[in-house]
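Visitor: Quick one, what's the 3D model for this:
(chains A and B)
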Amino acid sequence: MKYPYTRTLVLALSTALALGSAQAQKTTITVGVFPDLDSVIKAAIPGFNKLYPNIEVKINSLAYADHHNALTTALSTGKGAGDVEAIDFGFVAKFAEGNGMTDLSKAPFNAGQFKSKFVGYTFPQATTQDGRMVGMPTDVGPGSMFFRTDLLAKAKVLPAQLNASWESYIANGKKVVAANPGVFLIPDASEAAQIILRTGLKSGEGMYFDKSNKVLVSPTNARFVRAFTVAKQIRDAKLDARAGAAFSPEWTTAFQKGNLATEFSGAWLVGHMQNWLAKDYAGKWNAQNLPGNTFASYGGSFWGIPAQSQNKDAAWNFIKYLTTNPAQQVLAFKTTGAFPALKAAQSDSMFNEGVAYLANQKTRLLWRSAAAKIQPIDVNRLDPVAEQIVNDALSEVLNGTKDIPTALAQAQQLVERRAR
Amino acid sequence: MTATPSPPSIPQRANTGWDRFQRRYAPYIFISPFFLLFFAFSLFPIIFNAYLSVHSWQPGSGLGDMKFVGWRNFSDNLTDPTFWKSLQNTAILALESGVPQHLIALPLAFAIHMGLKRVQSLVTAVYFLPYITSVVAISVVFFTLFSWQYGALNAGLNALHNLPLIGGLFPAEKINWLGEVQYVQPAISLVVVWRYVGWNVLLYLAGLQAIPGDIYEAASIDGATRAQQFRFITLPLLRPTIFLAVTLTLIGGFQLFEEPYVLTNGSGGTGQQGLTTIMYMFRTYNSYSDAGVAAAMSWLLFAVIGVLSLINSRLFGRSGLAGKD
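Guide: Next up, the predicted model:
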């Protein structure tokens, strides 16, 4: 009995409001976001309001992990999500599940029309197996090999010798470590495996599953064997600092003490390095492509609209402004170093400028061409499960508890029993 | 029973609605804050969790997307090698961290109780400090100790190795405490022991203070030494406290999460040696997005804890000791 009454009331109220303020009817949208991406929103609002004076944007910024937790809760219960929500790449698979997010590939949004304007691999990243698109790409993390010029010079190793192939990376890496006592070539050997796992995929393959959901993890899959072998060679040559994942305490300390000769990461790492991670080593770091002529992506952010939003049109207008407006994409890059996902924004003059922290090297051009070469990878809903299982297997191989065929065979079993 | 005569006349005022209402419901109203909180934050989650455990559901899709799957979540867990591995890790960690806690706390509490009268509270407070320290702070401290390249422990061992004569007793290579399969569990256990000894000391002190002093006096008049007093007076009289403390350690040990989680950076550590069942449950929910399986896992763990508590109570509890005293 209550429901129709409420609806009448809402209807009456909104009619009254519409009559009362027919000229300046304002829509307020809430944007759920995490730092530093919130600075991008703050910078975007003035320009957006010039085009859409009737849409007011409110920012709801939470810490990175809290933001994604709060969004999970809001989508679970159907209440409390913003109209526009930031989704970091690592969480896309999670929110792609179920029907919590609006499918942007459908009318009235038809996001597919913009596909050719964006860096090629971004749309597949945000698209689920069944073809729903959960977010518009806003920034990308083209990967590169960062290296310390002074440490390499001491070992008389040229950057081109390091990244020519994985074999030469290891062979020359040994020289770098030998010439610089206390220095490690790389924070963790598993990083090499991660790159190899992300490259050389056959068309229609995801990282761990193919299009028909067949598990690719196997002791006979050359990509996995190669990834595990190279990582094991790095570990056995004692080249890595065994720091585990990025931002672990061991990883952070190694950076701060200047004990790392190279690191593979996204363009965004420079921001961290110059602000806190490796402040004292400005001008000593430089960047080149990843070893073995490979190209991989490190993260990226997306904007999505929760299905529960009442202001989808306004939200979509804002997302379009954030992602498809070249001036805004360049502004975001200037604000936080968020590398534009929009190709048109990558021809801005600032791409020809050097990066001060990297000894004025013109790395933005490097990143731009790297971004264009990154392969699209199909997303599977079980990717987080498979990733964890494969990482555990890799850790056991690196650690010497299991050999590669055994570890991969066991990982295959574990993934297959989840994939039903 | 004979029929009672009509009750003595009560003043008319007492029969007004408000007064009757008060008499009848005031106790419930006073106790309601607890029950409201209990229903909202304890009972409801438990019931919801039970409901969830027989459904398949991805957190992040709406509540309407739940699908009934019966016992499948339970059988999934029971056939999952990682679940059994996590249970094994939990049991080892519970044992490795639980037993030393009591072997240290009990004599320590006795010593504090007997030896330190004036500074007793201060000393207890110092031992209790780790218990109330934030886990994040603890993780920072222990990383500084355990870190492979930059840790204080390895720096100390290295310094000892460079000493003349006895230097050979100490390793030349730095030990990767949190990175080698054989050290992960002891390292975690050490932190747990360090953190909870103070809590147990407090429990035991409370138990000790409840033992009347004249028993000790009588014993010392009879010529009993401190050690004998501990063995023949303290231990038997402290049994109920020991039972309580061991039960709490058992339950806490099987619900271990924070310490292994922060020390292994959430990864479970090398060879997954630090992956406890609660951590695996959290991972199943949080990164695998499989809420139903995670809920079923929590019920299975609950069953394990229930059985162990029952065994513990049979062995050391009142019922188990009934025939002996």
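Visitor: So which residues of the stretch 1-150 of chain A form strands?
Guide: Residue ranges of the strands in the stretch 1-150 of chain A, as given by DSSP state E, counting those that start in this stretch, are A:27-33, A:55-61, A:84-88, A:136-148.
Visitor: out of these, which comes closest to chain B?
Guide: strand A:84-88 (10.6 Å; C-beta to the nearest C-beta). Where you see a C-beta, it was placed from the backbone N, CA and C, and this is true even at glycine.
Visitor: which residues does the residue nearest the centre of chain B contact?
Guide: Geometric centre of chain B, nearest residue: B:Gly252, 1.9 Å, by C-alpha atoms, centre = their mean. For B:Gly252, the contact set (C-beta atoms under 8 Å, 6 or more residues apart in numbering or on different chains) comprises B:Tyr196.
Visitor: tell me which element it is part of?
Guide: Applying DSSP states H and E as the criterion places B:Gly252 in helix B:239-254.
Visitor: For that helix, list every residue counted as buried.
Guide: The neighbour-count check on helix B:239-254 (16 or more other C-beta atoms under 10 Å in any protein chain shown) flags B:239, B:241-247, B:249-250, B:252-254 as buried.
Visitor: Also stretch B:31-48?
Guide: Buried, per 16+ other C-beta under 10 Å, within stretch B:31-48: nothing.
Visitor: try stretch A:327-339
Guide: A:Gln328, A:Gln329, A:Val330, A:Leu331, A:Ala332, A:Phe333, A:Thr335, A:Thr336, A:Gly337, A:Ala338, A:Phe339.
Visitor: picking that back up, what's the distance between the residue nearest to the centre of chain B and chain A?
Guide: Note on B:Gly252: its distance to chain A, by C-beta to the nearest C-beta, to the nearest Å, is 25 Å.
Visitor: re earlier: mean pLDDT, mean neighbour count and distance to A:Arg226 for the strands of the stretch 1-150 of chain A - can I get that in TSV?
Guide: Shown next, in TSV, are the strands of the stretch 1-150 of chain A (pLDDT from 0 to 100; neighbours: other C-beta atoms under 10 Å in any protein chain shown; distance: least, C-beta to C-beta, whole Å):
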stretch	mean pLDDT	mean neighbour count	distance to A:Arg226
strand A:27-33	95	21	39
strand A:55-61	95	17	42
strand A:84-88	95	25	28
strand A:136-148	95	25	18
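Visitor: Using a markdown table, lay out those together with distance to chain B.
Guide: Converted to a markdown table, the strands of the stretch 1-150 of chain A look like this (distance: least, C-beta to the nearest C-beta, whole Å):
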| stretch | distance to chain B |
| --- | --- |
| strand A:27-33 | 14 |
| strand A:55-61 | 18 |
| strand A:84-88 | 11 |
| strand A:136-148 | 17 |
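Visitor: ok, of the buried residues of helix B:239-254, which one's closest to chain A?
Guide: B:Phe254 (22.3 Å).
Visitor: chain center to the helix or strand where B:Glu217 lies, what's the gap?
Guide: Here B:Glu217 sits within helix B:213-221, counting by DSSP H and E. Centroid separation between helix B:213-221 and its chain, computed with C-alpha atoms, centre = their mean, to the nearest Å, is 35 Å.
Visitor: and what of stretch B:92-103?
Guide: 11 Å.
Visitor: Contacts for it next, please.
Guide: Residues contacting stretch B:92-103 (C-beta under 8 Å, 6+ apart): B:185-186, B:188-189, B:192-193, B:196-197, B:200, B:242, B:245-246, B:249-250, B:253-254, B:256, B:260, B:274, B:276.
Visitor: Just put the buried residues of helix B:239-254 in TSV and tack on pLDDT.
Guide: Output for those, formatted as TSV (pLDDT from 0 to 100):
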residue	pLDDT
B:Arg239	88
B:Thr241	91
B:Ile242	91
B:Phe243	91
B:Leu244	92
B:Ala245	93
B:Val246	92
B:Thr247	93
B:Thr249	95
B:Leu250	94
B:Gly252	94
B:Gly253	95
B:Phe254	95
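Visitor: from those, which is closest to B:Ser139?
Guide: B:Gly252 (18.1 Å; C-beta to C-beta).
Visitor: Domain boundaries for chain A, per the record?
Guide: When chain A is parsed with automatic domain parsing, its domains come out as A:26-141+A:299-368, A:143-297+A:377-418.
Visitor: Enumerate the residues of the stretch 1-150 of chain A near chain B.
Guide: Remark: the part of the stretch 1-150 of chain A in contact with chain B comprises A:71-73, A:75-78, A:94-95, A:97-100, using C-beta under 8 Å from any C-beta of the partner chain.
Visitor: what's the spacing between the spatially most central residue of chain A and chain B?
Guide: Chain A has A:Gly299 as the residue nearest its centroid, 1.1 Å off, counting by C-alpha atoms, centre = their mean. Using C-beta to the nearest C-beta, A:Gly299 is found at 16 Å from chain B.
Visitor: and that residue, backbone torsions?
Guide: In terms of degrees, to the nearest 10, the main-chain angles of A:Gly299 are phi 70, psi -170.
Visitor: Spatially nearest residue to it (excluding sequence neighbours)?
Guide: Excluding its sequence neighbours, the residue lying closest to A:Gly299 (C-beta to C-beta, 6 or more residues apart in numbering or on different chains) is A:Gly141, at 4.2 Å.
Visitor: you'd agree the one you found is up against A:Tyr298?
Guide: Yes: contact criterion C-beta atoms under 8 Å: A:Gly141 and A:Tyr298 qualify, at 3.9 Å.
Visitor: Mutual contacts of these two, please.
Guide: A:Ser265, A:Gly266, A:Trp268.
Visitor: Out of the residues you listed, which is nearest to chain B?
Guide: A:Ser265 (17.4 Å).
Visitor: Which secondary structure state is assigned to the closest one?
Guide: Following DSSP: H, G, I helix; E, B strand; the rest coil, we place A:Ser265 in the strand state.
Visitor: and the closest residue to it other than its chain neighbours, what does it touch?
Guide: Nearest non-adjacent residue to A:Ser265, counting by C-beta to C-beta, 6+ apart: A:Tyr298, 5.5 Å away. By C-beta under 8 Å, 6+ apart, A:Tyr298 lies in contact with A:Gly141, A:Pro142, A:Gly143, A:Phe264, A:Ser265, A:Gly266, A:Trp268, A:Leu269.
Visitor: The same query, at a cut-off of 10 Å, please.
Guide: The neighbourhood of A:Tyr298, defined by C-beta atoms under 10 Å, 6 or more residues apart in numbering or on different chains, consists of A:89, A:140-144, A:194-195, A:198, A:246, A:264-269, A:374.
Visitor: of all the buried residues of helix B:239-254, which comes closest to B:Met297?
Guide: Nearest to B:Met297 among those: B:Phe254, at 12.5 Å, using C-beta to C-beta.
Visitor: my guess is the residue nearest to the centre of chain A contacts A:Asp88, does it?
Guide: Yes: using C-beta atoms under 10 Å, A:Gly299 is in contact with A:Asp88, at 6.5 Å.
Visitor: Residue of chain A closest to chain B, please.
Guide: A:Gly98 (1.8 Å).
Visitor: Check what pLDDT that residue gets.
Guide: For A:Gly98, the model assigns a pLDDT of 75.
Visitor: quick one: it from B:Pro107, how far?
Guide: Distance of A:Gly98 to B:Pro107, given as C-beta to C-beta, to the nearest Å: 55 Å.
Visitor: Could you check which of those two is surrounded by more residues?
Guide: Taking neighbours as other C-beta atoms under 10 Å in any protein chain shown, A:Gly98 and B:Pro107 compare with A:Gly98 leading, 20 against 14.
Visitor: beta partners for the residue of chain B found nearest chain A?
Guide: Ranking the residues of chain B by distance to chain A (C-beta to the nearest C-beta) places B:Ser61 first, at 1.8 Å. Counting by DSSP bridges, B:Ser61 is bridged to B:Pro59.
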